[in-house]
Structure formats: C-alpha cells, structure tokens
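Visitor: Show me the folded form of this:
(2 chains)
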Amino acid sequence: MDLTLRVWRQAGPEVPGHFETHEMRDVSPDMSFLELFDTLNERLIAEGREPVAFDHDCREGICGSCSMMINGRPHGPERGTATCQLHLRKLPDGATITVEPWRAAGFPIIRDLVVDRSAFDRIIEAGGYITAPTGSAPDANEILIPKEVADAAMDAAACIGCGACVAACPNGAAQLFTAAKYAHLSLLPQGQPERWTRVVRMVREMERWFGSCTNHGECEAACPKEISIDFIALLNRDYVKAQLRNRALAGQRG
Amino acid sequence: MAVSGIVLLGFVLVHMIGNLKVYLGAEAINRYGEWLRELGEPALPRTAALWIVRAVLAGAFVAHVVAAAQLTALNRRARPVGYRSPRDYVAANFASRTMRWTGVIVALFVVFHLLDLTWGTANPKFVRGEVYDNMVASFRRVPVAIAYIAANVALAIHIFHGAWSLFQTLGWSNPRLNPARRWFAAGFAAVIGIGNISMPLLIVTRVVG
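Guide: Numbers count the residues shown, from 1 in each chain, chains lettered A, B, ... in the order given. Just a heads-up that it's a prediction; the model follows:
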C-alpha cells in the first residue's frame, strides 16, 4: 500500500519545527506504524539525512514509550491500541497521515516526535508508592481482597504512562494518568495508610504541570489501555474527603 | 465549578417553574411575584428572604465565573503551543467544547435580563410589580424575544454538559447509576430549554398575552 506521511520535524527544544512530507510507496499493510518509521529512517540514513527521532521500546503495547499524534488522535484511529500495535491495514490505502508529537507544557519537545514525560515521574514521586516492610515476602492471600476490588485495581494499574490522556485532552490535563496511578494503590488494603495524603500530594503535583479536567472524556477514548474516567471521579471524591475529614479518626495518615 | 453550578441549576429550575405561571394568567404570576417578596414573613422582615436568596445567587454566580476564569488560565498555560494539524475529537461533544462561549452568552444575557425585567431600565413600559404586563411588553418586541430564545438555547447547551460534568467533578460515580447521569443532564437541559423558550416564543407570536 502507499501512504503520504507528513511528519513533524524539530531539531531541538527551542527551535521552530515544521512538517516534512515523505511518500511511502509499496509498504506492507502488515507493518506496524513504528515499522513504517523504521522504513522511513533507513531510507533517510541511506540518503545521508537525519532520521526522525521517535520514542519506542517494547513494541508490544506495554511500555508506554510510543507517543505519536496520528491524524489528530493520540496513537491513531484504533481504539485501545498504542502506536506500536497500530497496523497499516487499519489505515486507508493512499491516505495522507499527519504525525506530530504530544503537545503540552508538561511534555516539552526534545526532538521531532520525542517529548520529555518526566512530569509523570514527578507525580508518581509525590504519592505513587506505599510504605511496606521489606524482608521476606508475605504469604500469598494473607490479606483478603474481594475479586471485584482486585479487578478494579488491576484496571487502573493497566496504565502504561504513555501520556495519550494529556495529549488528547483539550485542556492538557493529566487527570486520567494521575487517577489511574492513584486508584491502583488506593483501592487495595496495602495502599490505605497514605491514601488521603497521597491524593492531595499527587493532585498538587499534577496541577503544577498540567491543565484541569472539565470532563470532556477525550482521555478515556484515547487511552490505549481503555482506562475509565470513573477513576477520575474516585480521585475527585477522595480529594474532597481528604480536605474535609479528620484524617486520624478516619484511619488515615495526617 | 460544580458546587456553584448546582446552586445555579437549582435557581434556573425554580425560576422557570415560577415564570411558567404566566400561563395561568396575570393574577397568578403577579401574586407569585408578591409572594417572593413576602417569603419568610413574619419570621423575617419583608423581602429579607428574597435578598438572602439573591445574595447566595450572586455569590454562586461570581464563584462560577471566577472558577471558569481560573480553569481557562490553567488550561491555556498547560498547552501554550497547540497542535499544528487538525484534532479528531472522539468523546468531547459540542456542548463540552463550547462551555466558555455558552457561559459568556448566558452571563451577558443575565445582565440584559436584569435590566429588562428586574430594574426595567431596558423596558420602556416597565411597571414595578406588574409581572405579567412587563413580560408581555418585553417579549412582544421581536429582537428581544429572539435574544431570549437564543440565550436559552445557549443555557440548555451549557446545562447539557454541566449537569453531567458535576457528577464527575464531585466524584458521584457508581456503575449502576452512571448511565442515568447523561439522561439527567439531557432531561434537565430539555426541561429548562423548552420551558424558558416557550414563554418568549408564545408571547411574541401572540398565542399568549
């Protein structure tokens, strides 16, 4: 199949960027979208030109490295799919595909399609942990957790931190990421002692970098792991509780 | 945003129910207007309850506008450089993406509405206390009727997103009840829209009054 690629090129953080057009002739429909870029880059290198910088690692949809805005949607048109798992057969033959980096103040562009997502690390550092005794591993099933709760925590823990939620959000908000990281710890017994300090710290850190949620729901639609905005409701509810209730008497760290 | 929005939603609903008394005739709505002033008597002095409600509403209105301004500023800061290619929105709808515009339209309308039917400045035939005659005199002017209808379309669109959004913001989420949140918002918007638009529409077309 044939595709016309319009790719964002930007030599560095401070220099202006532009779209560069490449005709991709006779590419396999079974290629992944990243393999299309590999093909392009091999060609560019052979021509002695600078290859397109893009983030990638596992290429099986679990590392959260790939981050491309494909025709106005993070990770492209396929629902619940990261860029690396998007195959060219999902795109119309002969189409013009425009690819640009995530755009957010919290995700500054490093080069071409690569952005710096370390703001997410700052949010995790603020509260995305539990305190647990180290030493020998505890017995399995020592703490009883209802299956539904374990499932809900697992749904939240599916977040791969790719940043598609921020990229998709018209407000550039990171609520879905923060809510997922908050919920997968706070739904389980091990996450209870710091639950409300966690919510306050993570939300504060999030607001330093990102916009605010006005419930467009665009993040949920863009998420390659299809994480529900129900977790944002949980984040909001716990944030209010953390402000209003006596934490010590609610079994929470102050 | 959500808390002040709930106060304003409550007001909009009660305001509409009160105004629909225009269909019961001049005496019914004029008596209702008088009742609003007497509300709380004899425990409270005349018009005291009315002024308390007005103060709460003004507070909610200001809080809503301030919160909107803060959100807008935060969101502008969060994406100073926008996308260079067209976005393809999947979930965001017309209502959610035009909250700022519909909000500004409604806010400007509220100013005109107060000048028109509370202070009477924008209504040459205004007579204090003659609620029915004032409404008829105002809505008989075609441009005014069109302004009322347009503003209430904007209000209904604003409510369609706001009355859903508030559940998320306040964390009122339950998988069993969540589908009802959209219906609630759509129903609220429809009731307010139809109720409020019917009055200028039926008066300007001389069906009523």
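
Visitor: Only C-alpha atoms from now on, for both contacts and neighbour counts.
Guide: Will do.

Visitor: List the contacts of residue 163.
Guide: Here I'm looking at chain A. By C-alpha atoms under 8 Å, 6 or more residues apart in numbering or on different chains, the contact set of A:G163 is A:G64, A:S67, A:W102, A:R117, A:A174, A:F177.

Visitor: Let me rephrase: I mean chain B.
Guide: Contact partners of B:A163, counting by C-alpha under 8 Å, 6+ apart, are B:I6, B:L9, B:F184, B:A185, B:F188.

Visitor: burial measure for residue 166, as a count.
Guide: Chain wasn't specified; assuming chain A. If you count neighbours by other C-alpha atoms under 10 Å in any protein chain shown, A:V166 ends up with 29.

Visitor: Oops, wrong one, chain B.
Guide: Residues near B:L166, counting by other C-alpha under 10 Å: 22.

Visitor: Please, which helix or strand holds the closest residue to chain B within the stretch 101-250 of chain A?
Guide: Closest contact between the stretch 101-250 of chain A and chain B, by C-alpha to the nearest C-alpha, is at A:A233 (3.9 Å). For A:A233, the element it lies in under DSSP states H and E is helix A:230-244.

Visitor: and what of A:T21?
Guide: strand A:18-24.

Visitor: And for the helix or strand following that strand, what's in contact with it?
Guide: Once strand A:18-24 ends, the next helix or strand along the chain (criterion: DSSP H and E) is helix A:33-46. Here helix A:33-46 makes contact (C-alpha under 8 Å, 6+ apart) with A:M24, A:V27, A:E50, A:P51, A:V52, A:H56, A:T83, A:C84, A:Q85, A:L86, A:H87, A:L88.

Visitor: thinking again about what came up before, how about the strand holding A:T21, does it reach chain B?
Guide: No: if you take C-alpha under 8 Å from any C-alpha of the partner chain as the test, strand A:18-24 misses chain B, and the best it gets is 8.9 Å.

Visitor: That strand to helix A:33-46, inter-axis angle?
Guide: For strand A:18-24 against helix A:33-46, the angle by axes from the mean of the first three to the mean of the last three C-alpha atoms, to 10 degrees is 100 degrees.

Visitor: Mind giving me the packing neighbours of strand A:18-24?
Guide: For strand A:18-24, the packing partners by 3 or more C-alpha pairs under 8 Å, 6 or more residues apart in numbering or on different chains; DSSP states H and E come out as strand A:3-9.

Visitor: Pull out the buried residues from the strand it packs on.
Guide: A:L3, A:T4, A:L5, A:R6, A:V7, A:W8, A:R9 (16 or more other C-alpha atoms under 10 Å in any protein chain shown).

Visitor: So which of those is the closest to B:R46?
Guide: A:W8 (67.7 Å; C-alpha to C-alpha).

Visitor: hang on, isn't that closest one packed against A:P101?
Guide: Yes: contact status for A:W8 versus A:P101: in contact at 7.2 Å, counting by C-alpha atoms under 8 Å.

Visitor: who touches both of the two?
Guide: With C-alpha under 8 Å, 6+ apart as the test, A:W8 and A:P101 both reach A:D112, A:L113.

Visitor: Does chain A have contacts with the longest helix belonging to chain B?
Guide: Criterion DSSP state H: the longest helix present in chain B is helix B:48-78. Yes: Helix B:48-78 reaches chain A (C-alpha under 8 Å from any C-alpha) through B:L71, B:L74, B:N75, B:R76, B:R77, B:A78.

Visitor: want to throw those residues into CSV with pLDDT, neighbour count and distance to B:F94?
Guide: As requested, the residues of helix B:48-78 next to chain A are arranged in CSV below (pLDDT from 0 to 100; neighbours: other C-alpha atoms under 10 Å in any protein chain shown; distance: C-alpha to C-alpha, whole Å):
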residue, pLDDT, neighbour count, distance to B:F94
B:L71, 94, 18, 19
B:L74, 95, 20, 21
B:N75, 95, 23, 18
B:R76, 95, 19, 19
B:R77, 96, 18, 23
B:A78, 97, 27, 22
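
Visitor: Many thanks, I have nothing further to ask.
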